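K.L.:
coordinates only, no sequence provided:
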């Protein structure tokens, strides 16, 4: 069976599965639609949360990012898992006890303020849309590479699928589809990792292979990788702080942890379980399912880096003739994610430190033109310098995303593994997109429409409204995926920074401080939000040109825009405490509410 | 609010603070601040600091949450506040 047919078959059957689940789990009430009727088992919810959380970026880009950053990538690994500790202990159980539909709803009730709710909705919508645009893009990339569809057609197909199961099934449909998607994506991620772990070390468990001896007798895996990289002029893989300073690594790690705990589409998952204790269990299970991928990713990152170097430079470490390269090289050259310029004119590919191409290091191609050996003609070679004592100049451009997508081909794994990667990438993107679209539609139909502008709307009309907003959100997300604004690459910093500096502190203070009032919360949220947004725009120039160069000398305390959410969060707490100490305390009813959410068994209308 | 509920909350806070200290140690201290000295220790084929940053911290996070679940289950039963 040809690879193409196999891919269609595997991806097609996963789609059929998702749609089947959506029909089975059709939402009948707003409770079903927003929070799956609070009937989700904690392990099931943990799995759904994991799929919700692990996006196209986790699946496609994380390992590639790690393979280039080495040690410093630990900030992503710790940052994107450590937030679950905060969720389990500081947020999930209490928000579940609160027991309503959305995160802005909690903020509005706790701070007895419609203004606070509207600010929270704005943060939520901004965070979720920036995030969802990236997912749609991910779907497009996977489809265009694996199904050989144009990116736009791939995107329409993805939108159609999400439309069917999220509009029909709401949270209930999404939850059970996410469970299926988790299984697909985790399986797809592990299989090539296990194959490669065996190939390189003989140990089938990736996490153990990471610390094992290489089968070819070159010592421990990480030592072998360090040596290979240093010989080629790269910096060491395991040594810390080659690319980033310690203070920046600390700030980014904390911003990502806190940002994770403040992301609305993650928080809302804990509204769906039956009991308070289930919310805690759910966070634990979610982290187990996430940790499976997050402890595998660094192994995939290091093995694939080694793998790609070995297959390009060959066993003699002198390069491989273009005409003798395996077919994957040309396949990915076609997509523009790989490129070669023969600086020394020996007809061989050589990979080392330094840029093979000029400008920002990315190749530009002369249309579809092919050179004498069949390689794609590039128009912007660098001057081909040999750097850091490498044996030759670098001639290769490698897009990091290739580390996961092309891995099975580079490692010469069977075709069904390649088909699995396609299905896994799509599953990761769709599950996250659906979760995000749901919180967007819930906050528009519930927080804005039902609770702010049209309180008299019936449940049936609200359910219809949430389906319409959900459909509308899919169209906007599709548009953003099709016409990505220039800032799409930078939105991750934005989404996490905003969640860390705006939503997380007010949620924490709402639960752990009885004295915090609406003035403190509103001023704190605005201070954190404006500071963080301002800082990121100042250096990254979203919507406008950057005002200052994004370099360490210009940064506040040496903290990059990616990590500034940490400072934004501190500012939020500080401003909130100062303002609240000068303003009247919250009313008794709110103090009672705080006491109730702290006790798992306190009845909703309990009076003390 | 009854003193029983206050006591439950105080125990919960004490437990959280204890566990967050461990959370801070395994990630920020072992994985980042002390990574260079720890890297001179060899641990099962890894430099220890590197292992904490890319494996150990994540494994510790999972253990921390499950310890919290267990302890809170005991607290819920002790104060009879389970829902």
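P.N.:
That came in fine, so what should we check first? None of the values given here were measured: they were computed from a predicted structure. Numbering: from 1, shown residues only, chains lettered A, B, ... in the order given.

K.L.:
okay, CA-based contacts and neighbour counts for the rest of this
P.N.:
Noted.

K.L.:
the helix or strand bottoming out on mean pLDDT in chain B vs chain A: in contact?
P.N.:
None of the helices or strands of chain B scores lower by mean pLDDT, DSSP states H and E than strand B:42-43, at a mean of 89. No. With C-alpha under 8 Å from any C-alpha of the partner chain as the criterion, chain A is not reached by strand B:42-43; the gap is at least 8.6 Å.

K.L.:
how far off centre is that strand?
P.N.:
Computed by C-alpha atoms, centre = their mean, to the nearest Å, the chain-centroid distance of strand B:42-43 equals 23 Å.

K.L.:
buried ones in the helix or strand encompassing residue A:465, by neighbour count?
P.N.:
Using DSSP states H and E, residue A:465 falls within helix A:459-482. In terms of neighbour count (16 or more other C-alpha atoms under 10 Å in any protein chain shown), helix A:459-482 has its buried residues at A:462-463, A:465-467, A:469-471, A:473-475, A:477-482.

K.L.:
and stretch B:66-73, by the same measure?
P.N.:
Buried residues in stretch B:66-73 (16+ other C-alpha under 10 Å): B:66, B:68-69, B:72.

K.L.:
quick one: which of those sit in helices?
P.N.:
If you go by DSSP state H, the buried residues of stretch B:66-73 have B:66, B:68-69, B:72 in helices.

K.L.:
just those now: which is nearest residue A:333?
P.N.:
residue B:66 (46.6 Å; C-alpha to C-alpha).

K.L.:
ok, and the nearest residue to that closest one once chain neighbours are set aside, which helix or strand is that part of?
P.N.:
With C-alpha to C-alpha, 6 or more residues apart in numbering or on different chains as the criterion, residue B:66 has its nearest non-adjacent residue at 6.1 Å, and that residue is residue A:284. Residue A:284 is located in helix A:276-313, with elements delineated by DSSP H and E.

K.L.:
show me the contact partners of the helix or strand following that helix.
P.N.:
The first helix or strand that comes after helix A:276-313 along the chain, using DSSP H and E, is strand A:320-321. Residues outside strand A:320-321 that contact it (C-alpha atoms under 8 Å, 6 or more residues apart in numbering or on different chains) are A:311-314, A:347-350.

K.L.:
in its sheet, which strands sit next to the least confident helix or strand of chain B, and in what direction?
P.N.:
strand B:46-47 (antiparallel) (DSSP bridges).

K.L.:
pLDDT of the strand it pairs with, averaged?
P.N.:
Computed over strand B:46-47, the mean pLDDT rounds to 94.

K.L.:
do stretch A:409-422 as well
P.N.:
Per-residue scores along stretch A:409-422 average to 87.

K.L.:
can you get me a residue count around residue 17?
P.N.:
Looking at chain A here, since you left the chain open. Using other C-alpha atoms under 10 Å in any protein chain shown, residue A:17 is surrounded by 14 other residues.

K.L.:
not what I meant, chain B
P.N.:
Other residues lying near residue B:17 total 12 when counted by other C-alpha under 10 Å.

K.L.:
which stretch of helix or strand covers it?
P.N.:
helix B:3-24.

K.L.:
now the helix or strand hosting residue A:597, how far from the centre of its chain.
P.N.:
Assigned by DSSP H and E, residue A:597 belongs to helix A:588-598. How far helix A:588-598 lies from its chain's middle: 35 Å, per C-alpha atoms, centre = their mean.

K.L.:
which strands and helices sit next to that helix?
P.N.:
helix A:92-98, helix A:103-110, helix A:504-512 (3 or more C-alpha pairs under 8 Å, 6 or more residues apart in numbering or on different chains; DSSP states H and E).

K.L.:
let's verify residue A:400: helix, strand, or coil?
P.N.:
Residue A:400 falls in the coil class when you classify it by DSSP: H, G, I helix; E, B strand; the rest coil.

K.L.:
over to stretch A:259-267 now: how far is its first residue from its last?
P.N.:
11 Å (C-alpha to C-alpha, to the nearest Å).

K.L.:
if you average pLDDT per helix and strand, which one of chain A comes out bottom?
P.N.:
helix A:491-498 (a mean of 78).

K.L.:
up against chain B, what does the stretch 1-150 of chain A have?
P.N.:
So the stretch 1-150 of chain A meets chain B at A:71, A:73-75, A:77-78, A:81-82, A:84-85, A:88-89 (C-alpha under 8 Å from any C-alpha).

K.L.:
of all these, which comes closest to chain B?
P.N.:
Among those, residue A:74 lies closest to chain B (C-alpha to the nearest C-alpha), at 4.9 Å.

K.L.:
and the host helix or strand of the closest one, what other elements does it pack with?
P.N.:
Per DSSP H and E, residue A:74 falls inside helix A:74-86. Applying 3+ C-alpha pairs under 8 Å, 6+ apart, one finds that helix A:74-86 contacts helix A:246-261, helix A:276-313, helix B:57-78.

K.L.:
so which of those helices has the densest surroundings on average?
P.N.:
Neighbour counts (mean count of other C-alpha atoms under 10 Å in any protein chain shown) averaged over each of the helices and strands packed on helix A:74-86 peak at helix A:246-261, with a mean of 26.

K.L.:
is residue A:272 in contact with residue A:39, as I believe?
P.N.:
Yes. Counting by C-alpha atoms under 8 Å, residue A:39 is a contact partner of residue A:272 at 6.4 Å.

K.L.:
what about the two, which has more around it?
P.N.:
Using other C-alpha under 10 Å, the more surrounded residue of residue A:272 and residue A:39 is residue A:272, with 30 against 15.

K.L.:
show the backbone phi and psi for the more buried one.
P.N.:
phi -90, psi -10 (degrees, to the nearest 10).
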